[in-house]
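**Q** Attaching a predicted model along with its sequence, questions to come.
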Amino acid sequence: MKWLFFHYDTFLEFERPVNEHQFMLRCMPDSNGRQRVVRAEVSIKPMVPISHLEDGFGNKVQSGCIPFDHTSFHYSSDGEAFVFENNKDQSPLNPVFRYPSGLARPSQKIKSLLESMALAGKDDTEKAMVIMETVSRTLEYVSGSTDTETTAAQAYEKGTGVCQDFTHLFISLARLAGLPARYANGLVVGEGASHAWAEIYSDGCWTGYDPTRNTLVTDDYLRLSVGRDFYDCSIERGVFLGESGQRQTVQIKVHEASNVQRSDAPQQQQQQRQG
Amino acid sequence: MDQLIQHAGQINQQLSRYGVKFGIYKNGVFNERLFPFDAISRVITQEEWVKLEKGLIQRVDALNAFLRDIYGPKKSIIKDNVVPEEFVYLASGYMPECEGFEPPGGIYSHISGIDLVQDKDGEWFVLEDNLRVPSGASYPLIARELCRKCSPETFKSSRVVDNRNYGALLREAMSYVNRGGINVILTPGRYNAAYYEHSLLAEMSQAVLAEASDLVVVDNVLHYRSYDGQKRVGTVYRRISDEFLDPLYFHRESLIGIPNILSAYRSGNVALVNAPGNGVADDKGIYYFVPKMVKYYLGEEPLLKNAPTYLPFYEKDRKFVLENIERLVIKDVAEAGGYGVVFGSSLPKEKLLELKERIELEPRRFIAQEVIDFKDLPLVIDGETVDRKADFRAYVLTSAQTRVWPSGLTRFSTDPASFIVNSSQGGGFKDTWVLY
């Protein structure tokens, strides 16, 4: 078990003032079988009231509206959580995770890829391990090679991607193989960007697999949200009035309580991307 | 009735003046056309109506129970193997965004449009449930109004139940679930083909007619912006589909939605009429299971029948469908780009073989139905009375209790060979008289 301190911070700058800015955030971890959140705060600038609710997947959502002209939007979440070593979450299975979803829909080629794997006679865990190994071998990690709209099929076609694409391909294959699978979004110790991985439901609980790193999820991983694919888990979504370009700066710090290390070199990106 | 037939021309002129039109998409092009009115009403006797009414109430109550069950934590109808899981989760109208929240009063479908046909023996069959945004109630309302003006004697001498209570029923459906504030009808705007209906219903139910740009969520509460300030909104009867309701949850590029309205709804601060996610219950594949829902949730025998339907998903049915495909109607339930509705009898041999292969390959994707020999209704074409196929949409409204509006929309096809009485296929409508 690890005692993690986390700080997630995003600064959005607009070229021209925008107004009536409706936002929806999924930047707060929640307590569940694999992690216990002991302190978590969200703050935003400009200061407007934040409403807290849960989405259809049980994720914590923070919503609100900035009803006046502003040229920047700053949101951050900060807190502490214990992450357990067992890598098990007993939250119930929504059967929707057995079926294809938008960004993780299998193509004919993905179906053929599954058929090429020797899964017969293997149990769920073994199957998931084979799929994970295959995905990590099949895709090459090239940052910036895909975008937030890239599907599993497109990434497979290209042969490259980032964590989101590795996870989509893994989920797509796992569901085809009969394993209920969901997308997980979160933070990892020592990483300066958010990370995506997958969870497989078997024997009454969810187990985390990280196809990007070809490893089972450990107590270094703090989960923010789950969903069918990236689309259900976006950390921030917004709609505003006004035409303006925007620039985003993300800072993430996750470290163990006993081992205070800082990796706060700011990253500048046009669009929010994940590790 | 003869009096009315003489006035049919005038009534149609009035309808076109009022802009009572129907908008249809054909080959990707949007067309508006007038919806011709035929003056010979469909007449439903009191005895027949009482039976129909009971069956409709039972069906809608079961459908609401199904939606509560599916989006609630239990999902017992799946666990008890009454409805196979894939029919729920592969239905394009199932929305996981609606899980884990029960709408006010536990009501999902406040306004249901149930489409029925009557066979030659007079027995009613349900063809389709419409639980999302069923439209068309304004047609019989306006037609009755015009008929009353043209021929007041008709309604003095005939024992026709007054249908002017639709506004009151609608108002009650909205007010019953209201979370504090005004009732609003949300229209996509004046260029929408149903704009006339939206404005008429707003007037009749004393609700405010609003477009998305008039509505804004602030502090998780929905407000209506008018020239004299903001008013809190307690219920939205939205006449736009789920996908366009909230760009933060659904279509990101949507311009007609209201960002964060789903957050306000899920926080219990505003009621949405009908609830989002209802498409899972009026799905073509789920239709087969509706009589089973009546038994499962209400413990009653279903009073209304479905058209005899086979699910190739079940092996026994598949065998039957493949052997009898020439005399069945095949409907594709796929999410998008489906094959639509085909009559086995109309397909050439090679197409039939192709369809059979598809059914064997993806059995869940199809349902097959017996062709019902509808009872024809008389109508007047160029001064001659002829018989044509017609269907009937009943409007069922749920508040503290479920009630059926004693009227409805009778649609007919002008093509004598056609069994499809969809308004988008050509054809017109009649008033429906329920007798007392």
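**A** Looks like it came in fine. Numbers count the residues shown, from 1 in each chain, chains lettered A, B, ... in the order given.
**Q** Just to check, B:Gly268 is in contact with B:Pro104?
**A** Yes - assessed by C-beta atoms under 8 Å, B:Gly268 is found in contact with B:Pro104 at 7.1 Å. Glycine gets a C-beta too; all of them are placed from N, C-alpha and C.
**Q** okay, these two: which has more neighbours?
**A** More crowded of B:Gly268 and B:Pro104, by other C-beta atoms under 10 Å in any protein chain shown: B:Pro104, with 18 against 14.
**Q** And the helices in the stretch 151-275 of chain A?
**A** Using DSSP state H, counting those that start in this stretch, the helices of the stretch 151-275 of chain A run over A:152-158, A:163-176, A:230-233.
**Q** mind checking which of the ones you listed is nearest chain B?
**A** helix A:230-233 (7.7 Å; C-beta to the nearest C-beta).
**Q** List the contacts of the closest one.
**A** A:26, A:55, A:57, A:59, A:101-103, A:148, A:164, A:167-168, A:183-185, A:196, A:224-227, B:96 (C-beta atoms under 8 Å, 6 or more residues apart in numbering or on different chains).
**Q** Between B:Gly268 and B:Pro104, which contacts overlap?
**A** With C-beta under 8 Å, 6+ apart, B:Gly268 and B:Pro104 have common neighbours B:Arg179.
**Q** what's B:Gln3 sitting at in phi/psi?
**A** The main-chain torsion angles of B:Gln3 are listed as degrees, to the nearest 10 and equal phi -50, psi -50.
**Q** Check the gap between it and B:Val216 for me.
**A** B:Gln3 is 51 Å from B:Val216, where distance means C-beta to C-beta, to the nearest Å.
**Q** Run through the residues of chain A sitting next to chain B.
**A** A:20, A:22, A:24, A:49, A:51, A:53-58, A:61, A:63-65, A:67, A:92, A:94-96, A:98-99, A:228, A:232, A:237-239 (C-beta under 8 Å from any C-beta of the partner chain).
**Q** per-residue pLDDT, the residue most central in space within chain A?
**A** Taking C-alpha atoms, centre = their mean, the centroid of chain A lies closest to A:Asn185, which sits 1.7 Å from it. pLDDT, A:Asn185: 97.
**Q** need the contact list for it.
**A** Per C-beta under 8 Å, 6+ apart, neighbours of A:Asn185: A:26, A:194-196, A:223-227, A:230, A:233, A:235, A:274.
**Q** sorry, back to before: which ones among the contacts of helix A:230-233 map onto strands?
**A** Secondary structure from DSSP state E places A:183-185, A:196, A:224-227 of those in strands.
**Q** What are the buried residues along the helix or strand harbouring B:Gln369?
**A** According to DSSP states H and E, B:Gln369 maps onto strand B:366-370. Judged by neighbour count (16 or more other C-beta atoms under 10 Å in any protein chain shown), strand B:366-370 contains these buried residues: B:366-369.
**Q** could you pull out the helices for the stretch 251-400 of chain B?
**A** B:261-266, B:284-287, B:290-293, B:315-324, B:349-361.
**Q** Could you export these to TSV, including columns for mean pLDDT, distance to chain A and mean neighbour count?
**A** As requested, the helices of the stretch 251-400 of chain B are exported to TSV (pLDDT from 0 to 100; distance: least, C-beta to the nearest C-beta, whole Å; neighbours: other C-beta atoms under 10 Å in any protein chain shown):
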stretch	mean pLDDT	distance to chain A	mean neighbour count
helix B:261-266	97	4	27
helix B:284-287	94	13	24
helix B:290-293	98	18	20
helix B:315-324	96	20	14
helix B:349-361	92	13	13
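**Q** will you turn those into JSON lines that also has distance to B:Gly9?
**A** Formatted as JSON lines, those follow (distance: least, C-beta to C-beta, whole Å):
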{"stretch": "helix B:261-266", "distance to B:Gly9": "45"}
{"stretch": "helix B:284-287", "distance to B:Gly9": "39"}
{"stretch": "helix B:290-293", "distance to B:Gly9": "41"}
{"stretch": "helix B:315-324", "distance to B:Gly9": "46"}
{"stretch": "helix B:349-361", "distance to B:Gly9": "43"}
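**Q** For B:Met95, the count of nearby residues, please.
**A** Applying other C-beta under 10 Å, I find that B:Met95 has 22 neighbouring residues.
**Q** what's the spacing between the nearest residue to it once chain neighbours are set aside and B:Arg365?
**A** Nearest residue to B:Met95 in three dimensions, chain neighbours excluded: B:Gly277, at 4.1 Å (C-beta to C-beta, 6 or more residues apart in numbering or on different chains). Relative to B:Arg365, B:Gly277 is positioned 22 Å away (C-beta to C-beta).
**Q** same thing with A:Thr138?
**A** 30 Å.
**Q** Please identify which of these two sits among more neighbours.
**A** The neighbour count for A:Thr138 versus B:Arg365, taken as other C-beta under 10 Å, is higher for B:Arg365 (20 against 16).
**Q** Can you name the residues that contact the more buried one?
**A** B:Arg365 makes contacts with B:332-334, B:338, B:358-359, as judged by C-beta under 8 Å, 6+ apart.
**Q** any idea which residue of chain A is furthest from its center?
**A** A:Gly121 (31.5 Å).
**Q** would you say that one is within a strand?
**A** No - using DSSP: H, G, I helix; E, B strand; the rest coil, the assignment for A:Gly121 is coil, not a strand.
**Q** Tell me the spacing between it and chain B.
**A** Computed as C-beta to the nearest C-beta, to the nearest Å, the A:Gly121 to chain B distance reads 25 Å.
**Q** Check A:Leu93 too.
**A** 10 Å.
**Q** my guess is that residue meets A:Pro180, correct?
**A** Yes - the criterion here is C-beta under 8 Å, and A:Leu93 meets it with A:Pro180 at 5.7 Å.
**Q** Nice, that's everything, thank you.
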